[in-house]
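1. predicted model and sequence follow; I will ask about them next.
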Amino acid sequence: MRFWVIKSEPDVFSFADLQRVGREPWNGVRNYQARNFLRQMRVGDLCLFYHSNAKPPGLAGVARVCGEAVPDDLQFDEASAYFDPRSSRENSRWSMVFVEPLVAFPALVSLDTLRTLPEWAESPLTRKGTRLSVLPAEGQQFWEALDAAGLSLEDLNGLSA
DNA sequence: GCCAACGTTGGC
DNA sequence: GCCAACGTTGGC
């Protein structure tokens, strides 16, 4: 199992929104490096759900990959802001995965807090200027974030698969 | 293949 | 709203 960070603007789609819908296509990613990470995701991988452009920004919960990469439907939709005229059904350029909520953090683990954590201090997420919306995380980082949220492995184990 | 112009991200 | 960072585009 691998760990990831996925970013979303809560005004657009928050962790609470994910809990409400239950399962969400993670589409609209239009950066090649982020797309390549999406393609590496496997069912069961755990994603820290990061609220960007928020007050304050930070980690809001844990999501789980429940569907692996398929062509992102929005790239074919002329009405979508994510439409890509260079893409075709035969030769699709962008991918999406599916995620489901696993557990909401009792309180947001803010970016300020993350910067105080040893495992996160030097990470791309906390470094200024990193704009990747999907990035890998280390296991140590994941557990440290979970701990900072006041949760433990048992809190994850207690949840249905 | 270089690189300037441009657009977007996202913290502040 | 500002602007630093940085990915992308397109002329050459």
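-> Nice, thanks for sending it over. Numbers count the residues shown, from 1 in each chain, chains lettered A, B, ... in the order given.
2. so, low pLDDT: which residues of chain A?
-> A:158-161 (pLDDT under 70).
3. write out the residues of it neighbouring DNA strand C.
-> A:31, A:32, A:33, A:127, A:128, A:129, A:130, A:131 (CB under 7 Å from any atom of the strand). Every C-beta, even on glycine, is put in place using the N, C-alpha and C of the backbone.
4. and if we set it to 10 Å?
-> A:30-35, A:53, A:55, A:84, A:86, A:93, A:124, A:127-132 (CB under 10 Å from any atom of the strand).
5. ok, of these, which come out buried?
-> Neighbour counting over the residues of chain A next to DNA strand C (16 or more other CB atoms under 10 Å) leaves A:30, A:34, A:35, A:84 as the buried ones.
6. just give me the closest of these to DNA strand B.
-> For those, the minimum distance to DNA strand B (CB to the nearest atom of the strand) is 6.8 Å, reached by residue A:30.
7. for chain A, which segments count as helices?
-> In order along the chain, chain A carries the following helices (DSSP state H): A:15-21, A:32-40, A:111-116, A:139-148, A:153-157.
8. winner for burial among those helices?
-> Burial of the helices of chain A is given as mean neighbour count (mean count of other CB atoms under 10 Å); helix A:139-148 ranks first at a mean of 18.
9. that one close to DNA strand B?
-> No - applying CB under 10 Å from any atom of the strand, one finds helix A:139-148 separated from DNA strand B by no less than 14.7 Å.
10. neighbouring contacts of that helix?
-> A:3, A:46, A:48, A:59, A:62, A:109, A:113-114, A:117-120, A:123, A:137, A:152-153, A:155-156 (CB atoms under 8 Å, 6 or more residues apart in numbering).
11. quick check: residues of chain A near DNA strand B?
-> Selection of chain A residues close to DNA strand B by CB under 10 Å from any atom of the strand yields A:5, A:7-9, A:28-31, A:34, A:50-58, A:81-82, A:110-112, A:114-115, A:125-135.
12. rerun at 6 Å
-> Within reach of DNA strand B by CB under 6 Å from any atom of the strand, chain A has these residues: A:7, A:52, A:53, A:57, A:111, A:131, A:133.
13. pull out the buried members of the contacts of helix A:139-148.
-> Counted by 16+ other CB under 10 Å, these give A:3, A:46, A:48, A:59, A:62, A:109, A:113-114, A:117, A:119-120, A:123, A:137 as buried.
14. related to what we said a few turns ago, among the residues of chain A next to DNA strand B, which pair sits farthest apart?
-> Spanning the widest gap among the residues of chain A next to DNA strand B are A:111 and A:133, at 15.1 Å by CB to CB.
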